[in-house]
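Trainee: Please find the sequence and the predicted model below.
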Amino acid sequence: MAFTLRQIQYFVAVAEQGSVTRAAQNLSISQSSVTEALKELETDLGVELFERHPRGLTITHNGHQFLRHATKILASVTDARTSFSGKQNEISGKLNIGVTSLVAGYVLSDLLARYRRACPGVEVSAIEDNGGYLEHLLVGGELDVAVMVISNLRDRMALQAEILETSPYRLWLPMGHPLVSADIISVADIAREPLIMLTVDEIEENTGKLLSALGARPHVAFRTRSVEAVRSLVATGAGVALLPDLVYRPWSLEGDRIESRDVSGSLPVVQVGMVWRKGSSLPQAARDFVGIAEALRSGRPR
């Protein structure tokens, strides 16, 4: 029996949430329905998509590979639903987009690909820079819209923001680390570990504030602007990292495993969203970009 679109939606939800319970809550269905769909999907594919353990589920290498195909399938379904409007193909003009570095590779690529398919006549120009400078360009009218981290948006009086995704912080650990098997991980536990610090957007600031609030001075073993470098360093045991789940992938470029665990207590979240100048009359190209982003958000399993 061929797998169904519903099974794919449930699989993506569990992969994104890391838990059948959270996925079922977001989908507003029973846990048993999600569990049954996953088993049927694994039977159809002939591979294990998740490793089951007392703490929940961990996506396997096969599962990670299938996740890429699954997200493309769901994206194609969304595109098919919007392909009959026709009017997007008639639109021309130019769209000026800004993006922050953390968002560029994890949110914008999919969104931009959908937009180009829907509006092939629009010339798209994108710039990557820090949030403060993008805000300056938006207020000055040099950008139509920005896709960026909005948790620390500064000029909220002049800018309109709409959340696309909210990502909690989680702890990245190498395989075999003692905290991997811990029932509860506290921020105090993290403060005792060498920390690999990502220095893009507000990540370093948030992590530092979190540990300082406990009176703990973080032992920063390495600072880098590269997410891939963080993965490699964590996977090889150079330290741990506290990062938004948005950028988590279970393997480094070298193929080493990285574990991800929840941390108890009140941790900050990263909000990714679209930003444009308040009161501005967005061109049709920008309005369509916003519309496609909203459709992408609403089309994700919840």
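Mentor: Sure, I can see it.
Trainee: Go ahead and flag the most central residue of this structure.
Mentor: residue 246 (2.8 Å; C-alpha atoms, centre = their mean).
Trainee: Could you look up the SS state of it?
Mentor: Of the three states, residue 246 takes helix under DSSP: H, G, I helix; E, B strand; the rest coil.
Trainee: so how far is residue 97 from it?
Mentor: 19 Å (C-beta to C-beta, to the nearest Å). Where you see a C-beta, it was placed from the backbone N, CA and C, and this is true even at glycine.
Trainee: Check residue 242 too.
Mentor: From residue 242 to residue 97 the distance is 29 Å (C-beta to C-beta).
Trainee: What of residue 285?
Mentor: To residue 97, residue 285 is 10 Å away according to C-beta to C-beta.
Trainee: what's the answer for residue 195, then?
Mentor: Residue 195 is 33 Å from residue 97, by C-beta to C-beta.
Trainee: One more: residue 184?
Mentor: Going from residue 184 to residue 97 by C-beta to C-beta gives 42 Å.
Trainee: and if you look at residue 118?
Mentor: On the measure of C-beta to C-beta, residue 118 and residue 97 end up 15 Å apart.
Trainee: how would you label residue 67: helix, strand or coil?
Mentor: Per three-state DSSP, residue 67 ends up helix.
Trainee: number of nearby residues for it?
Mentor: 18 (other C-beta atoms under 10 Å).
Trainee: residues touching it, list them.
Mentor: Contacts for residue 67 (C-beta atoms under 8 Å, 6 or more residues apart in numbering) come out as 11, 12, 15, 59.
Trainee: The last one is in contact with residue 15, isn't it?
Mentor: Yes. Residue 59 is within contact range of residue 15, at 5.5 Å (criterion: C-beta atoms under 8 Å).
Trainee: what's the overlap in contacts for those two?
Mentor: 49, 67.
Trainee: What is the burial count for the nearest residue to residue 71 once chain neighbours are set aside?
Mentor: Computed as C-beta to C-beta, 6 or more residues apart in numbering, the closest residue to residue 71 that is not its neighbour in sequence is residue 12, at 6.3 Å. Neighbours of residue 12 under the rule other C-beta under 10 Å: 19.
Trainee: Does anything pack onto the helix or strand containing residue 12? Which helices or strands?
Mentor: Residue 12 belongs to helix 5-17 when assigned by DSSP states H and E. Applying 3 or more C-beta pairs under 8 Å, 6 or more residues apart in numbering; DSSP states H and E, one finds that helix 5-17 contacts helix 20-27, helix 31-45, helix 61-82.
Trainee: Report the rounded mean pLDDT for it.
Mentor: In this model, helix 5-17 carries a mean pLDDT of 87.
Trainee: and that helix with helix 31-45, angle?
Mentor: 110 degrees (axes from the mean of the first three to the mean of the last three C-alpha atoms, to 10 degrees).
Trainee: how about helix 5-17: buried residues?
Mentor: Within helix 5-17, the residues that count as buried by 16 or more other C-beta atoms under 10 Å are 7, 8, 9, 10, 11, 12, 13, 14, 15, 16, 17.
Trainee: So residue 184 and residue 97 - more neighbours on which side?
Mentor: Applying other C-beta under 10 Å to residue 184 and residue 97 shows that residue 97 carries more neighbours, namely 22 against 11.
Trainee: who touches the helix or strand of the chain with the lowest mean pLDDT?
Mentor: In the chain, the helix or strand scored least confidently by mean pLDDT, DSSP states H and E is helix 203-212, which has a mean of 74. Helix 203-212 has contacts (C-beta under 8 Å, 6+ apart) with 102, 152, 169, 187, 190-191, 195, 197-198, 217-218, 223, 242-244, 267-268, 270.
Trainee: Which of those residues are buried? Put it as a PyMOL command.
Mentor: Buried residues within the contacts of helix 203-212, by 16+ other C-beta under 10 Å, are selected in PyMOL with:
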select buried, resi 102+169+187+190+191+195+197+198+218+242+243+244+267+268+270
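Trainee: related to what we said a few turns ago, could you measure from the residue nearest to residue 71 over to residue 258?
Mentor: From residue 12 to residue 258 the distance is 20 Å (C-beta to C-beta).
Trainee: do the same with residue 100
Mentor: Using C-beta to C-beta, one gets 23 Å for the distance from residue 100 to residue 258.
Trainee: Give the residue from the two that has the larger number of neighbours.
Mentor: Set residue 100 next to residue 258 and count neighbours by other C-beta under 10 Å: residue 100 wins out with 24 against 20.
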